[in-house]
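1. Okay, here's the prediction I keep looking at, along with the sequence it came from:
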Protein chains: 2
Amino acid sequence: MSETRIWTAALAVIGDEILSGRTQDKNVAQVAKWLNVQGIRLVEVRVVPDDTAAIVAAVNALRARNDYLFTTGGIGPTHDDITVDAIAEALGLAVTYHPDALAVLQRYYETRGGLTEARMRMARVPEGAALIPNRMSGAPGIHIDNIFVMAGVPHITAGMLDSLTGTLEGGLPVLSATIGVWVAESEVADLLGAVEKAHPAAAIGSYPFFREGRVGANFVVRSVERAALEACLCELRERLTEAGHVVVSDGI
Amino acid sequence: MSETRIWTAALAVIGDEILSGRTQDKNVAQVAKWLNVQGIRLVEVRVVPDDTAAIVAAVNALRARNDYLFTTGGIGPTHDDITVDAIAEALGLAVTYHPDALAVLQRYYETRGGLTEARMRMARVPEGAALIPNRMSGAPGIHIDNIFVMAGVPHITAGMLDSLTGTLEGGLPVLSATIGVWVAESEVADLLGAVEKAHPAAAIGSYPFFREGRVGANFVVRSVERAALEACLCELRERLTEAGHVVVSDGI
């Protein structure tokens, strides 16, 4: 019955800047999409402030009831970066310098003013942690138990997710197929909704684009079942064609 | 001592489309900014799926420990809109049709095909609830106890927030000012920490960015006291300039 096992993940987004409205979060959507591809379902997100007690409470609640917990934010060099200490506290572990992280930072800052004490903060990890490579800006992410601690800056988070791709055990991968159409998505919104409703085991995503002075959209059908995916895709293509739209099956 | 009372709010974002990564949430930032102006601090956000048990658990946890709880999403006309029922369940209340909501919907749909059974779903409220006006699309939001139930579509949410403006008791609004600097935050980490320590009524957040091939950071000073904000901002600008960094006061 391993096929029906659903793997779940939670995400803790850490940072006052999200809760104040100053920064528009982009990590929920990007982590969610990445998890889908790994066959893991994002089932809960919490946004918490830069406050140790709040982070510890969220981490302990979320790690206990999910296969994986991801965090973003608070692993930089400044005084408001307290994620590592909070996660160590949640796990009852000491914080130590990771020798490989020190080596990475040493190399990275060799030509950038040297490894200061503040920069060395980014080599601190809960005892026993492994590193998640960061090819963007030196300071690595951290893997400890079922927790993956990542940066908050979205393109750095993306690089860390990339280096984790294929390394986590998941369930059935989410399959997808794309239909590209030269149509404004608003023109076929009802059609899309109706087709999705008729195929409960599938979901349809709509991604508009503007190219060569024309408006178009890619419709992405997703499912964990190949038969459900193909049935949904087939009906969608049929109804779009019936409605007079030019369908390019592979996306545009 | 009413000045020092901090009013807190939590937000529950309800919807599978956020957790699948299909929809980029915009309500966290807009609710956060609106709350700041009301003198209320957003201290926790949870994103939960379209699942009754998950919504009930989040609602009960968040409403108990905050002055206010806001929710977005799941109050439309379709089968997957279950927020009203979940909130009634959390509060141990029955669900009834609100006569004013029925009247509003009747008027709204008079010229739009009439009030169907599906549309009448949007007049259902937990027993004893008041309505939050929705000038965008008819279906009102709901106010019951310390809970404010709003739409998920951001511009409709905005209209509901607008009609709540000035109606909630709050404390002093959080004031903020941003200093943008072309510097790696790790280079000034000690300086930031020292300035924050010297101004206990203010907090400094550090947010790095990468633009035009250069590294920079925005430093955001926050306080509920204007004098404390300005004193902290002033010392921060002075010490950054002394250290030879180019300061752009309005952020970059």
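-> Structure's in. What do you need?

2. Give me the distance between residue A:157 and residue A:47.
-> 15 Å (Cβ to Cβ, to the nearest Å). For glycine as for every other residue, the C-beta is placed from the backbone atoms N, C-alpha and C.

3. Looking at the two, which is more packed in?
-> Taking neighbours as other Cβ atoms under 10 Å in any protein chain shown, residue A:157 and residue A:47 compare with residue A:47 leading, 28 against 23.

4. Let me see the contact set for the closest residue to that one other than its chain neighbours.
-> Using Cβ to Cβ, 6 or more residues apart in numbering or on different chains and skipping the chain neighbours, the partner closest in space to residue A:47 is residue B:45 (3.8 Å). Neighbouring residues of residue B:45 by Cβ atoms under 8 Å, 6 or more residues apart in numbering or on different chains: A:13, A:18-19, A:45-47, B:10-13, B:28.

5. would you turn those into a markdown table with distance to residue A:137 and pLDDT?
-> Shown next, in a markdown table, are the contacts of residue B:45 (distance: Cβ to Cβ, whole Å; pLDDT from 0 to 100):
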| residue | distance to residue A:137 | pLDDT |
| --- | --- | --- |
| A:13 | 19 | 98 |
| A:18 | 20 | 97 |
| A:19 | 24 | 97 |
| A:45 | 24 | 98 |
| A:46 | 26 | 98 |
| A:47 | 23 | 98 |
| B:10 | 33 | 98 |
| B:11 | 31 | 98 |
| B:12 | 34 | 98 |
| B:13 | 30 | 98 |
| B:28 | 25 | 98 |
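
6. Sitting in helices, which of these do you find?
-> Those of these mapping onto helices are A:18-19, B:28, per DSSP state H.

7. Can you give me the neighbour number for the closest residue to chain B within the stretch 151-252 of chain A?
-> For the stretch 151-252 of chain A and chain B, the shortest gap (Cβ to the nearest Cβ) falls at residue A:205, measuring 5.2 Å. Residue neighbour count, defined by other Cβ under 10 Å, stands at 20 for residue A:205.

8. Do I have it right that it meets residue A:217?
-> No. Residue A:205 lies out of contact with residue A:217 (Cβ atoms under 8 Å); the separation is 10.0 Å.

9. By mean pLDDT, flag the weakest helix or strand of chain A.
-> strand A:203-211 (a mean of 70; mean pLDDT, DSSP states H and E).

10. check contacts around the residue in the stretch 101-250 of chain A positioned nearest to chain B.
-> Going by Cβ to the nearest Cβ, chain B is nearest to residue A:118 of the stretch 101-250 of chain A, at 3.4 Å. Residue A:118 is in contact with A:77-78, B:186-187, B:189-190, counting by Cβ under 8 Å, 6+ apart.

11. Going by neighbour count, list what's buried in the one helix or strand it maps to.
-> Under the criterion of DSSP states H and E, residue A:118 resides in helix A:117-120. Buried residues in helix A:117-120, defined by neighbour count with 16 or more other Cβ atoms under 10 Å in any protein chain shown: A:118-120.

12. Closest one of these to residue A:33?
-> Set against residue A:33, the nearest of the buried residues of helix A:117-120 by Cβ to Cβ is residue A:119 (31.7 Å).

13. Name all residues that make contact with the closest one.
-> Residue A:119 neighbours (Cβ under 8 Å, 6+ apart): A:77, A:105, A:109, B:186, B:189.

14. If we ignore the residues flanking it in sequence, what's nearest it?
-> Residue nearest to residue A:119 in three dimensions, not counting chain neighbours: residue B:186, with 4.7 Å by Cβ to Cβ, 6+ apart.

15. and what of residue A:97?
-> Counting by Cβ to Cβ, 6+ apart, the residue nearest residue A:97 is residue A:123, at 5.0 Å.

16. Once you drop chain neighbours, what's closest to residue A:196?
-> residue A:204 (4.6 Å).

17. can you tell me how far that neighbour sits from residue A:195?
-> From residue A:204 to residue A:195 the distance is 7 Å (Cβ to Cβ).

18. intersection of neighbour lists for those two?
-> Counting by Cβ under 8 Å, 6+ apart, the shared contacts of residue A:204 and residue A:195 are A:232, A:236.

19. picking up where we left off before, hang on, the residue nearest to residue A:97 packs against residue A:101?
-> Yes. With contact defined as Cβ under 8 Å, residue A:123 counts as touching residue A:101 (3.8 Å).

20. List the contacts of stretch A:222-236.
-> A:36, A:39, A:171-177, A:179, A:192, A:195-196, A:198-199, A:201-205, A:219, A:221.

21. Contacts only, for residue A:133.
-> A:140-141, A:159-160, A:163.

22. Would you mind giving the domain segments of chain A?
-> If you go by automatic domain parsing, the domain ranges for chain A are A:2-164, A:175-248.

23. What degree of burial does residue A:33 show, as a neighbour count?
-> Using other Cβ under 10 Å, residue A:33 is surrounded by 16 other residues.

24. again, but for residue A:222
-> Residue A:222 has 18 neighbouring residues, counting by other Cβ under 10 Å.

25. Residue A:10 versus residue A:161, what's the distance?
-> In this view, residue A:161 and residue A:10 are 15 Å apart by Cβ to Cβ.
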